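J.: can you look at this prediction? I've put the sequence above it.
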Amino acid sequence: MIVNIKGGLRLPRIFGNTPAGKAKLQRCIDFVRDEVVKTIASGTKTFNVQTLFGGDNYNWVQLGFPIGDLWIDLEQKYINEGYADPQWQAEHQAGIYVGMIMKYVCHSVLKTNFKMKNEFNHITYTIV
């Protein structure tokens, strides 16, 4: 649970409300949960979306991460809407969506207590 939560909890709606869409979202939630659990088990006390899913873990689609489905669906959405740079827009929004999922996981799924801190353009979670 996040002890100093700010704002509400939201989950991405890009996949829709169909059973297939709900299953895609659940795979993303499960994946983020598993990565956070692995990070905590390794002894890391502070993390954010960038530290878990950036750097060498940046290309989610190529790496076969379930969160890559966010990127794919968003890119198609932005292509259909005529954005000048749909790939950049999809990358940016997918990161925001993974942040929403991480906040949900840290607050509602895991039994660990976290403190969140806004830092520039991301939220960092620290075990308390």
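T.: Thanks, I have it.

J.: which residues touch Val109?
T.: Counting by C-beta atoms under 8 Å, 6 or more residues apart in numbering, Val109 makes contact with 29, 33. For every residue, glycine as well, the C-beta is placed using N, CA and C.

J.: average pLDDT for whichever strand or helix holds Arg33?
T.: Per DSSP states H and E: Arg33 is located in helix 19-41. Across helix 19-41, the average pLDDT comes to 97.

J.: can I get that helix as PDB, trimmed to CA atoms?
T.: Output of helix 19-41 as PDB, limited to C-alpha atoms (Å, rounded to 0.1, in the frame of the first residue of the first chain):
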ATOM      1  CA  PRO A  19     -12.600 -10.100 -22.400                       C
ATOM      2  CA  ALA A  20      -9.500 -10.100 -24.700                       C
ATOM      3  CA  GLY A  21      -8.800  -6.500 -23.700                       C
ATOM      4  CA  LYS A  22      -9.200  -7.300 -20.000                       C
ATOM      5  CA  ALA A  23      -6.900 -10.200 -20.400                       C
ATOM      6  CA  LYS A  24      -4.200  -8.000 -22.100                       C
ATOM      7  CA  LEU A  25      -4.400  -5.500 -19.200                       C
ATOM      8  CA  GLN A  26      -4.200  -8.300 -16.600                       C
ATOM      9  CA  ARG A  27      -1.100  -9.700 -18.300                       C
ATOM     10  CA  CYS A  28       0.400  -6.200 -18.000                       C
ATOM     11  CA  ILE A  29      -0.500  -5.900 -14.300                       C
ATOM     12  CA  ASP A  30       0.900  -9.400 -13.600                       C
ATOM     13  CA  PHE A  31       4.100  -8.600 -15.400                       C
ATOM     14  CA  VAL A  32       4.600  -5.300 -13.600                       C
ATOM     15  CA  ARG A  33       3.800  -7.000 -10.300                       C
ATOM     16  CA  ASP A  34       6.300  -9.800 -11.000                       C
ATOM     17  CA  GLU A  35       9.000  -7.300 -11.900                       C
ATOM     18  CA  VAL A  36       8.400  -5.200  -8.700                       C
ATOM     19  CA  VAL A  37       8.500  -8.400  -6.600                       C
ATOM     20  CA  LYS A  38      11.800  -9.400  -8.200                       C
ATOM     21  CA  THR A  39      13.200  -6.000  -7.600                       C
ATOM     22  CA  ILE A  40      12.200  -6.000  -3.900                       C
ATOM     23  CA  ALA A  41      13.600  -9.600  -3.500                       C
END
